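Visitor: predicted model and sequence follow; I will ask about them next.
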Amino acid sequence: MEPSHKDAETAAAAAAVAAAAAADRGTSSSSGVVVQVREKKGPLRAAIPYMPFPVAVICLFLNTFVPGLGTFVSAFTVLCGARTDLPDRHVCCVFWLNIAAALIQMLTAIVMVGWIMSIFWGMDMVILAISQGYKEQGIPQQL
């Protein structure tokens with residue numbers, strides 16, 4: 001009977017814990033376990049489009065000075081064919097998710113929450129644009 005995928009994950013996690021414990025004790029482990037962590041994104045965060053770098057920087061600039069405006073502009077890049085992390089959703093649904101995020105940022109900017117969210121949203125746009133550039137050029141990503 002072959003081990004299942006879940007058993008392999010459990011074994012890898014156990015080996016990582018053992019390696020961390022060995023490192024805490026000052027000894028080294030020669031197993032060389034690599035653990036991969038993947039971020040789980042909510043629907044609003046996954047709706048951020050992968051845009052060209054200059055467009056992402058412009059959206060960050062707009063979000064910094066007028067909360068939600070850059071997010072509003074980025075919603076239209078979805079209609080122009082920008083890719084998102086929601087491939088199973090229709091383009092119009094992703095467009096409206098971005099519009100909703102822009103409205104949330106605009107309405108909560110009064111209490112500073114929307115302004116801060118807007119800046120972080122713009123930074124995420126730039127990070128996604130950089131990561132897309134690395135993938136297109138075939139360069140290993142080290143962010």
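Guide: Great, that's in hand.
Visitor: show me what contacts residue 57?
Guide: The neighbourhood of residue 57, defined by CB atoms under 8 Å, 6 or more residues apart in numbering, consists of 126, 129. For the C-beta atoms, the positions are set from N, CA and C on the backbone; glycine is no exception.
Visitor: where does it land on pLDDT?
Guide: Looking at residue 57, its pLDDT is 95.
Visitor: try residue 45
Guide: 89.
Visitor: what of residue 132?
Guide: Looking at residue 132, its pLDDT stands at 83.
Visitor: for it, what is the enclosing helix or strand?
Guide: With secondary structure defined by DSSP states H and E, residue 132 is part of helix 113-137.
Visitor: can you tell me which helices and strands that helix packs against?
Guide: In this structure, helix 113-137 makes packing contacts with helix 53-65, helix 69-79, helix 91-107, judged by 3 or more CB pairs under 8 Å, 6 or more residues apart in numbering; DSSP states H and E.
Visitor: for the second one, packing partners?
Guide: Read it as helix 69-79. helix 53-65, helix 91-107, helix 113-137.
Visitor: name the residues of the helix holding residue 132 that are buried.
Guide: 114-115, 117-119, 121-122, 125-126, 128-129, 132 (16 or more other CB atoms under 10 Å).
Visitor: save the residues you listed as a markdown table, and put in distance to residue 74 too.
Guide: Written out in a markdown table, the entries for those read as follows (distance: CB to CB, whole Å):
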| residue | distance to residue 74 |
| --- | --- |
| 114 | 16 |
| 115 | 17 |
| 117 | 14 |
| 118 | 11 |
| 119 | 14 |
| 121 | 8 |
| 122 | 9 |
| 125 | 6 |
| 126 | 11 |
| 128 | 10 |
| 129 | 11 |
| 132 | 14 |
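Visitor: many thanks, have a good one.
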